[in-house]
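Novice: fold the following, please.
(3 chains)
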Amino acid sequence: MNPQTLLEGLILSLVAIAGGAVVLTRDPLNQALGVSFFGLMLSAMFYIFQAPDVALSQMVIGAVALPLIILLTLARIRRNTK
Amino acid sequence: MTTYAYVVAAWLFAIGLFGIVTSKNLVHMCLCLTVVQASTYLLLTGVGYRPGGTAPIFVNLPAGAPIVDPVVQALMLTDIVVETTVVALMLALTVQIHKKTGNCDPNATTALQG
Amino acid sequence: MKLRLTLFGLGICGLVALYGTVIAHMPGPGKMHSPYSRAINKLCVPQRHVTDAVTAVNFDYRGFDTLGEEFILFASVMGTLVLLREAAENKGPLSGDSASEPRNVRPTEAVRVTALALVGPTVVFGVYVVTHGQLTPGGGFQGGVVLATAPLLVYLADDFKTFKRITSHALIEISEAVGGGMYAVIGAIALVLSRPYMTNVLPLAQSGGIASGGIIPLISIATGLEVAAGFVLLLYAFLQKTLAERESS
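Specialist: Predicted structure coming up:
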């Protein structure tokens, strides 16, 4: 088993664990962090599977845009509740 | 490792769907949908990957080297960016639903209200 | 809830059965050679003078699909803006509420300096990614999102008022429309010359140069403009109501 295959197996397992964690976290605020981590794992997965274009796209979206939009949504919902 | 990628794709699809079915919060539901979406990325990556292949960037490539499929990568690339704006649209709908009904529980907003 | 879980369980059983059968009959790893990908890997350098095959597929061979994706993006940004629009009648009671909200905490000097120092490199990197999509991994979609994070860094370093000032609303809306329209117009130039839609009409420069690929860099720039403007509009829409009143209190 060469190192590339090992790395592929490892990153796929991490993606599976992170995806499960995102779903099973019931509090949306904690979930925003989970989504960020899941995005980072997906990005590493694309990089290891030789898709640098997709990895770049996923990195910016997963690390910045999506968690920020979630946090701002939660802030708005909380403010409307008051 | 491509077979394992297909298995992980099925797992993400199933767990994401489970999250949607049992969700108690619309924001949580939207994020479960992004996990379901990610399962398609794994499937496409698995389809396009070739063991020992290199990325389809034709700079200083040795002749005859195996190259991964660029078509599926192009499919995923646009989808990742567009998906985020669609999730933003769904979250904006969530904000509006919360404003109208006062809560975010999908079970409480089943009936259409004028 | 019990009925729903039962249905879900049945669905998963069906998925496992069908998907498992499909996987068992798939060709083994590395045996899947789609003729389409082989053709593109062989042709994209000699035919389009482009070294990044993914960008060639995205903006040329399957450029019409990407045009559709662009309009999905455009439509969902517009939808979000409409949904989050300030309703005039809500102004009164809300501004009364916000008096009790805590004042916005000013960022510390360390955050301000780091964020401001990163604005320049972020813009340069974003422009680089947008314009070099045909040579290295990158292109309009990725670079556009990178560019959209630059105003966000300014917001981190300062406050919402500054963010609002540098992302002058009308101009961003115009860029969004121009980015979407430019893509369609570049494709239509070929129609005027009685060639099929989105045929390359520009000279293909030497492969490896920034102008290589004919219309591909232009389409990439149009996409970058649209994606960057779209994300800034999204952030603006979510930020304005959450933070505008907190700032003014």
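Novice: alongside chain B, which residues does chain A contribute?
Specialist: Within chain A, the positions adjacent to chain B are A:4-5, A:8-9, A:12-13, A:15-16, A:19-20, A:22-24, A:26, A:28, A:31, A:35, A:38, A:42, A:45-46, A:49-54, A:57-58, A:61, A:65-66, A:69-70, A:73-74, A:76-77, A:80-81 by C-beta under 8 Å from any C-beta of the partner chain. (Each C-beta comes from the backbone N, C-alpha and C, glycine too.)
Novice: low pLDDT regions in chain A?
Specialist: A:82 (pLDDT under 70).
Novice: briefly note if whichever strand or helix holds residue B:98 comes near chain C.
Specialist: In this structure, residue B:98 sits in helix B:70-101 according to DSSP states H and E. Yes: against chain C, helix B:70-101 shows contacts by C-beta under 8 Å from any C-beta at B:70-74, B:77-82, B:85-86, B:88-89, B:92-93, B:95-96.
Novice: rewinding a little: narrow the residues of chain A next to chain B to just the buried residues.
Specialist: For the residues of chain A next to chain B, a burial check counting by 16 or more other C-beta atoms under 10 Å in any protein chain shown picks out A:8, A:12, A:15-16, A:19-20, A:22-23, A:28, A:31, A:35, A:38, A:42, A:45-46, A:49-54, A:57-58, A:61, A:65-66, A:69-70, A:73-74, A:76-77.
Novice: who in chain C is up against chain A?
Specialist: Proximity of chain C to chain A (C-beta under 8 Å from any C-beta) is limited to residues C:52, C:54-55, C:97, C:129, C:137-139, C:141-142, C:145-146, C:148-149, C:152, C:231, C:234-235, C:238-239, C:241-242.
Novice: so which of the residues you listed also contact chain B?
Specialist: Answer for these near chain B (C-beta under 8 Å from any C-beta): C:52, C:54, C:137, C:139, C:141-142, C:145, C:231, C:234, C:238.
Novice: which ones among the residues of chain A next to chain B map onto strands?
Specialist: Among the residues of chain A next to chain B, no member falls in strands (criterion: DSSP state E).
Novice: near chain C, from those?
Specialist: With C-beta under 8 Å from any C-beta as the criterion, the residues of chain A next to chain B include A:51-54, A:57, A:61, A:65, A:69, A:73, A:76 near chain C.
Novice: widest-spaced pair of those?
Specialist: A:52 and A:76 (35.6 Å; C-beta to C-beta).
Novice: need the pLDDT of the closest residue to residue A:65 other than its chain neighbours.
Specialist: Sequence neighbours aside, residue B:84 is the residue nearest to residue A:65 in space, at 5.5 Å (criterion: C-beta to C-beta, 6 or more residues apart in numbering or on different chains). Looking at residue B:84, its pLDDT stands at 93.
Novice: I'd assumed residue A:66 was in contact with residue B:84.
Specialist: Yes: if you go by C-beta atoms under 8 Å, residue B:84 and residue A:66 touch, sitting 5.6 Å apart.
Novice: can you tell me how far residue A:7 is from residue A:13?
Specialist: From residue A:7 across to residue A:13, the span is 11 Å (C-beta to C-beta, to the nearest Å).
Novice: with residue C:18 instead?
Specialist: With C-beta to C-beta as the criterion, residue C:18 and residue A:13 are 25 Å apart.
Novice: contact partners for whichever residue of chain A sits closest to chain B?
Specialist: Residue of chain A nearest chain B, by C-beta to the nearest C-beta: residue A:23 (3.6 Å). Shown in contact with residue A:23 (C-beta atoms under 8 Å, 6 or more residues apart in numbering or on different chains): B:15-16, B:18-19, B:32, B:35.
Novice: ok, and which of those residues reach chain A?
Specialist: Counting by C-beta under 8 Å from any C-beta, B:15-16, B:18-19, B:32, B:35 from the contacts of residue A:23 sit close to chain A.
Novice: list just the nearest of these to chain C.
Specialist: The closest of the ones next to chain A among the contacts of residue A:23 to chain C turns out to be residue B:18 (C-beta to the nearest C-beta; 6.6 Å).
Novice: count of residues packed around the nearest residue to residue B:42 once chain neighbours are set aside?
Specialist: Closest residue to residue B:42 apart from its sequence neighbours, by C-beta to C-beta, 6+ apart: residue B:9 at 3.8 Å. Per other C-beta atoms under 10 Å in any protein chain shown, the neighbour tally for residue B:9 reads 25.
Novice: what helix or strand is residue B:9 on?
Specialist: If you go by DSSP H and E, residue B:9 is part of helix B:2-21.
Novice: how far away from the center of its chain is that helix?
Specialist: Centroid separation for helix B:2-21 versus its chain: 11 Å, with C-alpha atoms, centre = their mean, to the nearest Å.
Novice: likewise for stretch C:14-29?
Specialist: For stretch C:14-29 - counting by C-alpha atoms, centre = their mean - the centre lies 34 Å from the chain centre.
Novice: swap in stretch B:70-83?
Specialist: On C-alpha atoms, centre = their mean, the centre of stretch B:70-83 falls 11 Å from that of its chain.
Novice: just the C-alphas of it, formatted as PDB.
Specialist: Coordinates of each C-alpha in stretch B:70-83 appear next as PDB, following Å, rounded to 0.1, in the frame of the first residue of the first chain:
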ATOM      1  CA  PRO B  70     -11.300  17.300 -16.100                       C
ATOM      2  CA  VAL B  71     -15.000  17.200 -17.100                       C
ATOM      3  CA  VAL B  72     -16.300  16.100 -13.700                       C
ATOM      4  CA  GLN B  73     -14.100  18.600 -12.000                       C
ATOM      5  CA  ALA B  74     -15.600  21.400 -14.000                       C
ATOM      6  CA  LEU B  75     -19.100  20.200 -13.000                       C
ATOM      7  CA  MET B  76     -18.100  20.300  -9.300                       C
ATOM      8  CA  LEU B  77     -16.300  23.600  -9.500                       C
ATOM      9  CA  THR B  78     -19.200  25.700 -10.600                       C
ATOM     10  CA  ASP B  79     -21.600  23.900  -8.400                       C
ATOM     11  CA  ILE B  80     -19.700  24.600  -5.200                       C
ATOM     12  CA  VAL B  81     -19.900  28.400  -5.700                       C
ATOM     13  CA  VAL B  82     -23.500  28.400  -7.000                       C
ATOM     14  CA  GLU B  83     -24.600  26.100  -4.100                       C
END
